[in-house]
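Novice: Coordinates for the following, if possible.
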Amino acid sequence: MSGLHIEIHGAGATPLVMIHGWAMHGGILAPLAEALAARYTMYVVDLPGHGYSRDSDIPLEPLACARAIAAATPPATWLGWSMGGLVALAAALDVPEAVRAVVPMCSTPCFVRGEDWPYGNDVTMVHRLAADLEEDYMATVDRFIALEAMGSADPRAETRRLKEEAFSRGEPDPRVLLEGLRLLETTDLRPRLAGLRQPNLWIAGRRDRIVHPEAMRWSAGAANGRFAEIAHAGHAPFIGHATAVADVLTQFTDADA
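Specialist: Model (predicted):
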């Protein structure tokens, strides 16, 4: 079986697993890795079908990814951005011996809006992305990147940075991108949040247009965790606000050391 590409950065005493979001790869988290290098040893993952894990035959399914990452890393704090937060949560819930603490960043346990969940996205947006992927996936990824940057203090610069990085490790597998959209459409971990036993921190971008900050505030309450909001950040707070994210994370791990 072809495994996952995992890079090790930093030389700090605290181990930290870092997981990227849909259509990206671990390299997108470089600004945050740089800000954390003195305090953490980071295991930065490329999920299946993404980046240097493009040819991995591990399913893009949260628990399958969590088990593969856990097998290749020491027990650690797990930070997952956007879709990567679902992998980190799956690990905390179902591979608990691998996870000392869990930090979903701009990530929600339920991506799609429902009658009992006003903080999700309209399911038609997911369906539209899936249909567009079939026709022109490069343009679809570009549009999603623009959406990720909306609300940030400098959306043009953030869009440019995300686009530059997105394809720097090759193009993601279109089949896996569709699997990721299905994952976002069907996953709902809200009922399980009360079962989290690890310390947990939910980091939101106040201007995020993809994951509503109130979804994360609600989740922190449901999981008996902590909530932090980066004031001027959008969906990718590690771009332009890496120091603020690093400060919040460091305070959290120091308090639970």
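Novice: pLDDT score assigned to Met150?
Specialist: Here, the pLDDT recorded for Met150 equals 80.
Novice: what about it, how many neighbours?
Specialist: For Met150, the count of nearby residues is 15 (other Cβ atoms under 10 Å). No exception for glycine: its C-beta is placed from N, CA and C like everyone else's.
Novice: Quick check: pLDDT value at Val99.
Specialist: Reading off the model, Val99 has pLDDT 98.
Novice: same check, this time on Arg143
Specialist: pLDDT at Arg143 comes out at 83.
Novice: List the contacts of it.
Specialist: Asp132 (Cβ atoms under 8 Å, 6 or more residues apart in numbering).
Novice: which SS state does it fall under?
Specialist: What DSSP: H, G, I helix; E, B strand; the rest coil gives for Arg143 is helix.
Novice: I'd like to know how far it sits from Arg128.
Specialist: Per Cβ to Cβ, to the nearest Å, Arg143 is found 10 Å from Arg128.
Novice: just Thr108 next, same as before
Specialist: Counting by Cβ to Cβ - Thr108 and Arg128 are separated by 19 Å.
Novice: Of those two, give the one with the bigger neighbour count.
Specialist: The residue with more neighbours, out of Thr108 and Arg128, is Thr108; 32 against 13, by other Cβ under 10 Å.
Novice: Report how many residues lie close to Gly170.
Specialist: Gly170: 12 neighbours (other Cβ under 10 Å).
Novice: dump the residue contacts of Glu97.
Specialist: So Glu97 contacts Ala70, Pro75 (Cβ under 8 Å, 6+ apart).
Novice: And it, how far from Tyr43?
Specialist: Glu97 is 16 Å from Tyr43, by Cβ to Cβ.
Novice: One more: Leu32?
Specialist: According to Cβ to Cβ, Leu32 stands 13 Å off from Tyr43.
Novice: between those two, what contacts are shared?
Specialist: With Cβ under 8 Å, 6+ apart, Leu32 and Tyr43 have common neighbours Met18.
Novice: Quick one: the helices in this structure, in order.
Specialist: 30-36, 62-72, 83-94, 123-149, 155-166, 174-186, 213-222, 242-255 (DSSP state H).
Novice: For the fifth one, list every residue counted as buried.
Specialist: By neighbour count on 16 or more other Cβ atoms under 10 Å, the buried set for helix 155-166 is Pro155, Glu158, Thr159, Arg161, Leu162, Glu165, Ala166.
Novice: which residue packs closest to the fifth one, ignoring adjacent ones?
Specialist: Put plainly, it is Leu162. Ile145 (4.6 Å; Cβ to Cβ, 6 or more residues apart in numbering).
Novice: give the contact list for the one you found.
Specialist: Counted by Cβ under 8 Å, 6+ apart, Ile145 has contacts Ala23, Thr159, Leu162, Lys163, Ala166.
Novice: ok so, going back, tell me which of Leu32 and Tyr43 has more neighbours.
Specialist: Leu32 (27 against 22).
Novice: if I look at that one, how far off is Ile145?
Specialist: 18 Å.
Novice: Next: Arg207.
Specialist: 16 Å.
Novice: and if you look at Gly180?
Specialist: 14 Å.
Novice: Understood, closing this out.
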